[in-house]
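Colleague: coords below, sequence missing:
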């Protein structure tokens with residue numbers, strides 16, 4: 001039976017960027033004709049927490065997918081990495097990296113229901129505990145919060161994608177397909 005998988009990626013956010021590697025990965029995946037799943041692409045999300053999260057949540061409501069895989073670019077990484085959790089600081093829904101540590105804020109953390117260690121076993125994909133404190137973490141948090149609030153049994157992960165080039169593109173797509181296949185068989 002085909003599994004319905006919602007896949008998201010972001011648009012660029014800097015004028016000098018020609019593309020976002022998360023979107024490049026999904027574009028490469030979309031060109032493959034041999035995947036046994038119903039892949040739904042919500043690509044080029046705006047780099048705006050409120051808008052991006054409302055688009056993803058609306059798509060979840062509409063489609064009721066079996067899985068959600070959100071993707072974002074991590075230019076400083078060299079491998080695909082799956083985020084274990086996302087956190088948000090009280091009163092903040094955008095860039096939380098600029099907060100003054102002396103200020104009194106509380107932090108809420110949500111963790112994926114997916115066993116990430118089991119998911120990455122036998123792959124070169126890394127486990128990450130740092131979603132980046134930017135739109136990626138906020139989107140991941142808000143999607144996890146929505147799924148938890150409405151008690152939806154939809155596994156959700158966030159995959160950070162390094163810069164893609166001719167040397168690593170095929171390997172990254174292959175690893176991503178492996179993760180999708182392992183996720184849908186757990």
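Modeller: Yep, that arrived. Computed from a predicted structure; not experimentally measured.

Colleague: what pairs with residue 81 across the strands?
Modeller: On the basis of DSSP bridges, residue 81 is bridged to residue 126, residue 160.

Colleague: So, low pLDDT: which residues of this protein?
Modeller: For the chain, applying pLDDT under 70 flags the ranges 33, 90-106.

Colleague: again, 80 this time
Modeller: 1, 33-34, 89-106, 186 (pLDDT under 80).

Colleague: Strands of that one, residue ranges please.
Modeller: 4-10, 38-45, 67-73, 81-83, 85-89, 107-111, 126-128, 156-161 (DSSP state E).

Colleague: Just put those in TSV and tack on distance to residue 141.
Modeller: C-beta coordinates here come from the backbone N, C-alpha and C atoms, glycine included. As requested, those are exported to TSV (distance: least, C-beta to C-beta, whole Å):
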stretch	distance to residue 141
strand 4-10	14
strand 38-45	15
strand 67-73	11
strand 81-83	10
strand 85-89	4
strand 107-111	6
strand 126-128	14
strand 156-161	9
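
Colleague: could you dump those strands to a markdown table with distance to residue 18 and mean neighbour count?
Modeller: As requested, the strands of the chain are arranged in a markdown table below (distance: least, C-beta to C-beta, whole Å; neighbours: other C-beta atoms under 10 Å):
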| stretch | distance to residue 18 | mean neighbour count |
| --- | --- | --- |
| strand 4-10 | 14 | 23 |
| strand 38-45 | 13 | 17 |
| strand 67-73 | 12 | 25 |
| strand 81-83 | 22 | 23 |
| strand 85-89 | 28 | 19 |
| strand 107-111 | 33 | 13 |
| strand 126-128 | 25 | 15 |
| strand 156-161 | 15 | 25 |
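
Colleague: Give the full set of residues in contact with the nearest residue to residue 52 once chain neighbours are set aside.
Modeller: Once flanking residues are discounted, residue 52 sits nearest to residue 45: 4.3 Å by C-beta to C-beta, 6 or more residues apart in numbering. If you count contacts by C-beta atoms under 8 Å, 6 or more residues apart in numbering, residue 45 has them with 8-11, 51-52, 55-56, 139.
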